[in-house]
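1. Any chance you can model this:
(2 chains)
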Amino acid sequence: MRARKLLGILILLIVCGAVLAGCIFAGLLEKSVVAKDVDQPLSPDQMKSLAQRGAYVAVAADCYACHTTTGGAPWAGGLPFKTPFGTIYSTNISSDPDNGIGNWTRADFHRAVRDGVGKGGRHLYPAMPYASYRKMTPEDVDAVYAYLMSRPPMKVANPANELTFPFNIRQGLTFWNLLNLSGDTQTKDAARSDVWNRGRYLVDALAHCGECHTPRNLTQGMIQSDYLKGAMLEGLFAPDITKDGLTRMGFTPQLLAGFMKSGLSAQGAMTNQMYEVVHFSTQYMTKDDLDAMSAYLFGLDALPKDATPPAPPKAVPVAADVASSARNTYLGLCASCHGAEGQGIPHVVVPLATNASLRLTSARNLIHTTLNGIPARRFPGLERMQPMPAFKDVLDDRQMADLANWMRATWGGEPPNVKAEDVAEIRKGH
Amino acid sequence: MTLAMRKLSLTVNGKTIDPVDVPETMMMQDFLYEYLNLTGSRMGCGQGICHACTVIVDGDDGAMREIRTCITGAHWFAGKKVRTVEGHATRDASGAITALSPVQQAFIEHFSFQCGYCTPGFVTGATVLMDELKRKPVRRADLEKTISEALDKHICRCTGYVRYFEAVRDVILKTPGLVKA
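-> Numbering: from 1, shown residues only, chains lettered A, B, ... in the order given. This is a model prediction of the structure:
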């Protein structure tokens, strides 16, 4: 009798679980943050007047960087995103009715951007940062919609995603959404200034900084308790951009705002994905907006006038043999461009003595960059940085570890804790 | 200000250079010019871009490596075997050239260069490429792509690269064992 009773309970639990899973899968537990009033289409006049502001909102949201390939048709998508589950491609969001969003209604667009559910109930993958765009105001979503609809249609077909089972089932994202989508879209804090609030809105909703700078949990959702504290991204560390992290790298609020505008600073040049962010987005943002973002990231209600950089870190001693090996390597391979004292060459090569990569807790970015190099890069205002050669064929793991330890200890004040094995791992692409 | 000096000893074009005081921040290009009077490696951009300044370093494993002397410190070459453009041709006991290297000969036959400033770098680059192909031949169908990728970093401002390219392809095809079917 007892065994039967237990079996009955077990069956009941399985049935309940299955029903619940079915409900989730059917999307019954999804909460839309899109209000009903967007079912009302915008008038042609509204579309026209909104489009201009939409261009700026789209810049601040950096839509272009992902929805256009290098040399590809504007807004036609096709940029590959390599994930652990396979490759997905950004989509055509031009006004083409067949391949783009030309026949999407205002409501379709709002639901895609803020709920992650495209036209006809088709779920988007969270490579599209709808978890962040969810916080966008309806007015800004309207503006982007009007702007995109004003762009010429691009007859470019969307490449098929290459995802493994079960990740190729879009409806499965109902589970991800249930776990990782917040119903709270509030970004306003009445106790803080307008500048701080604008900064928070830009950082969280439009610029979607957290998508890269906030670490992710097992389900690839952002861990809110580690908000903006830095995360691994394609073999590199997207740095901690909280007040502590930024100060550690040598930024002040003023310097950070300037860095987002120009892509260049004493802390180095914007590299990897942040290069594109400057190229397509932040260089075009208004001074007020960049100041607001910087003030918010530093937890301030206004941008302070003082731009004095924080005191340089105190050098940490390094073993004599490490210092000697590293200094030889540095003078042999680095000094001609970065200078014997790490001073760099203005407008050509970034300084190393003040470089952020020497001050991060992890030496990964420094090692990765030294091994793999950086291509030549143009920056706003006719600035141009020469390419950095890749040294992976010239430096062995020991030499690389010594160099990283010596530079980080001498200029960055970081403990010399890099081991040759760490370099080997990074070299392998881990 | 006095420059910190350090003893440097290395092998250049087969000759051992006895330990000599060299400023520790001196670049290899300056060492070749000022200490050895070897002026074949050209100073072009001085930033490691144009590759007119490259030399060959013969590794212990027998493989050649192309290194830019304008951005690499002289002391980095300590104990290494270096070959500059002056060291490619065959010479007799008096030092007179008796035969150019196959790459040099091919460049002359193809009228590959005009002003010649970039040529030492191209000679070095093409020689290193042939050395790589000797150890790891390419399929014939991939040869053009391989040459372009290997020499792409060398900048020439006169001839538009076509004659360099044709000369390198020619010498590779004429040399047995570099291309597989």
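2. neighbouring contacts of whichever strand or helix holds residue A:6?
-> Using DSSP states H and E, residue A:6 sits in helix A:2-25. Identification of contacts with helix A:2-25 by CB atoms under 8 Å, 6 or more residues apart in numbering or on different chains yields A:29, A:171, A:172, A:174, A:175, A:178. Just so you know, the C-beta spots here come from the backbone N, C-alpha and C atoms, and that holds for glycine as well.
3. got the residue ranges for the helices in chain B?
-> B:28-34, B:102-109, B:119-135, B:143-151, B:162-174 (DSSP state H).
4. so which of those gets nearest residue A:100?
-> helix B:143-151 (35.2 Å; CB to CB).
5. Just give the number of residues close to residue B:131.
-> When neighbours are defined as other CB atoms under 10 Å in any protein chain shown, residue B:131 has 18 of them.
6. what pLDDT, on average, does the helix holding residue A:6 get?
-> Helix A:2-25 shows a mean pLDDT of 81.
7. Same check on stretch A:281-295?
-> Stretch A:281-295 comes out at a mean pLDDT of 98.
8. Give the buried residues for stretch A:324-344.
-> Buried positions in stretch A:324-344, judged by neighbour count with 16 or more other CB atoms under 10 Å in any protein chain shown: A:325-339, A:342, A:344.
9. picking that back up, of the helices of chain B, which is nearest residue A:157?
-> helix B:143-151 (28.3 Å).
10. wait, what's in contact with the closest residue to chain A within chain B?
-> For chain B, the residue closest to chain A is residue B:76, as judged by CB to the nearest CB, at 2.9 Å. Counting by CB under 8 Å, 6+ apart, residue B:76 makes contact with A:328, A:329, A:331, A:332, A:333, B:28.
11. Residue A:103: which of those is nearest?
-> So of those, ranked by how close each gets to residue A:103 (CB to CB), first place is residue A:333, at 56.7 Å.
12. Near chain B, list only the ones from the buried residues of stretch A:324-344.
-> Among the buried residues of stretch A:324-344, the residues that sit close to chain B (CB under 8 Å from any CB of the partner chain) are A:328, A:329, A:331, A:332, A:333, A:335, A:336, A:337.
13. Please tabulate these in CSV and include pLDDT and secondary structure as additional columns.
-> Below are those laid out as CSV (pLDDT from 0 to 100; DSSP: H, G, I helix; E, B strand; the rest coil):
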residue, pLDDT, secondary structure
A:328, 95, helix
A:329, 97, helix
A:331, 96, helix
A:332, 97, helix
A:333, 97, helix
A:335, 96, helix
A:336, 95, helix
A:337, 96, helix
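14. Can you tell me which of those residues lies closest to chain B?
-> Here the nearest of these to chain B, counting by CB to the nearest CB, is residue A:332; it sits at 2.9 Å.
15. what residues are up against the closest one?
-> B:72, B:73, B:75, B:76.
16. Considering the residues you listed, which possesses the most neighbours?
-> When neighbours are counted by other CB under 10 Å, residue B:73 leads the contacts of residue A:332 with 28 neighbours.
17. Leaving out the residues flanking it, which one is nearest to that residue?
-> residue A:332 (3.9 Å; CB to CB, 6 or more residues apart in numbering or on different chains).
18. how far away is the one you found from residue A:305?
-> Using CB to CB, to the nearest Å, one gets 43 Å for the distance from residue A:332 to residue A:305.
19. what's the answer for residue B:23, then?
-> Distance of residue B:23 to residue A:305, given as CB to CB: 45 Å.
20. Of those two, which one has the most company?
-> It is residue B:23, of residue B:23 and residue A:305, that has more neighbours when counted by other CB under 10 Å, with 18 against 7.
21. coming back round to it: redo the helices of chain B as JSON lines? Include mean pLDDT and distance to residue A:43.
-> Formatted as JSON lines, those follow (pLDDT from 0 to 100; distance: least, CB to CB, whole Å):
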{"stretch": "helix B:28-34", "mean pLDDT": "98", "distance to residue A:43": "69"}
{"stretch": "helix B:102-109", "mean pLDDT": "97", "distance to residue A:43": "70"}
{"stretch": "helix B:119-135", "mean pLDDT": "97", "distance to residue A:43": "64"}
{"stretch": "helix B:143-151", "mean pLDDT": "97", "distance to residue A:43": "56"}
{"stretch": "helix B:162-174", "mean pLDDT": "97", "distance to residue A:43": "60"}
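22. How about the contacts made by the most centrally placed residue in chain B?
-> Against the mean C-alpha coordinate of chain B, by CA atoms, centre = their mean, the closest residue is residue B:124 at 2.5 Å. By CB under 8 Å, 6+ apart, the contact set of residue B:124 is B:54, B:55, B:56, B:66, B:83, B:85.
23. Which pair in those has the greatest spatial separation?
-> Maximum pairwise distance among the contacts of residue B:124 (CB to CB): 11.9 Å, between B:66 and B:85.
24. Give the residues shared as contacts by these two.
-> Common neighbours of residue B:66 and residue B:85 (CB under 8 Å, 6+ apart) are B:55, B:124.
25. okay, those two: which has more neighbours?
-> Remark: of residue B:66 and residue B:85, residue B:85 carries more neighbours, 24 against 21, as counted by other CB under 10 Å.
26. Quick one: distance of the helix holding residue A:6 to the chain centre.
-> Centroid displacement of helix A:2-25 relative to its chain, using CA atoms, centre = their mean, to the nearest Å, is 41 Å.
27. What are the contacting residues of the helix or strand just after that helix?
-> Where DSSP H and E defines the elements, the next helix or strand beyond helix A:2-25 is helix A:44-60. Helix A:44-60 has contacts (CB under 8 Å, 6+ apart) with A:42, A:64, A:140, A:142-150, A:202, A:206-207, A:280-281, A:284-285, A:289.
28. List buried members of those residues by neighbour count.
-> Neighbour-count burial (16+ other CB under 10 Å) applied to those gives A:42, A:64, A:140, A:142-149, A:202, A:206-207, A:280-281, A:285, A:289.
29. how about the strands in chain A?
-> Using DSSP state E, the strands assigned to chain A run over residues A:80-83, A:86-89, A:162-163, A:231-233, A:236-238, A:264-265, A:268-269, A:377-379, A:383-385.
30. Out of these, flag the one nearest chain B.
-> Chain B lies closest to strand A:383-385 among the strands of chain A, at 10.9 Å (CB to the nearest CB).
31. mind giving me the domain ranges of chain A?
-> A:33-177, A:194-297, A:320-427 (automatic domain parsing).
32. Take those and write them to a markdown table, including distance to residue B:14.
-> Formatted as a markdown table, the domains of chain A follow (distance: least, CB to CB, whole Å):
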| stretch | distance to residue B:14 |
| --- | --- |
| domain A:33-177 | 47 |
| domain A:194-297 | 42 |
| domain A:320-427 | 23 |
